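Peer 1: Sharing a model that was predicted from the sequence below.
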Amino acid sequence: MADDHHVEEPEVTPDLPAAERVTAPQSAFSTRQVAVGLVVLLVGLALTFGLGFVLT
């Protein structure tokens with residue numbers, strides 16, 4: 001029986017050289033990004049616990 005399920009995938013080359021790509025989560029980040037993250041955390045915690053407290 002012939003293998004009819006084989007799909008040929010096109011070769012994909014990245015637009016940037018390997019040295020310029022950034023994929024690691026340990027990348028440097030700014031103080032502004034930390035502040036935005038903390039604000040998002042505080043709003044999320046306030047909604048989670050605030051709504052839970054109000055609705056009980």
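Peer 2: Received, thanks.
Peer 1: can you list the weak-confidence ranges in this structure?
Peer 2: 1-4, 13-25 (pLDDT under 70).
Peer 1: hmm, try it at 80
Peer 2: 1-27 (pLDDT under 80).
Peer 1: Spell out the residue ranges of the strands in it.
Peer 2: Per DSSP state E, the chain has no strands. Nothing in it meets that criterion.
Peer 1: just the helices in it please.
Peer 2: 31-54 (DSSP state H).
Peer 1: Quick one: neighbours of Val39, just the number.
Peer 2: If you count neighbours by other CB atoms under 10 Å, Val39 ends up with 10. Yep, even glycine has a C-beta here, placed from its N, CA and C like the rest.
Peer 1: sorry, that was for Leu45
Peer 2: 10.
Peer 1: Leu47 now?
Peer 2: 10.
Peer 1: mind checking how far it is from Leu38?
Peer 2: Taking CB to CB, to the nearest Å as the measure, Leu47 falls 15 Å from Leu38.
Peer 1: How about Gly44?
Peer 2: 11 Å.
Peer 1: do Val54 as well
Peer 2: Taking CB to CB, one finds Val54 at 23 Å from Leu38.
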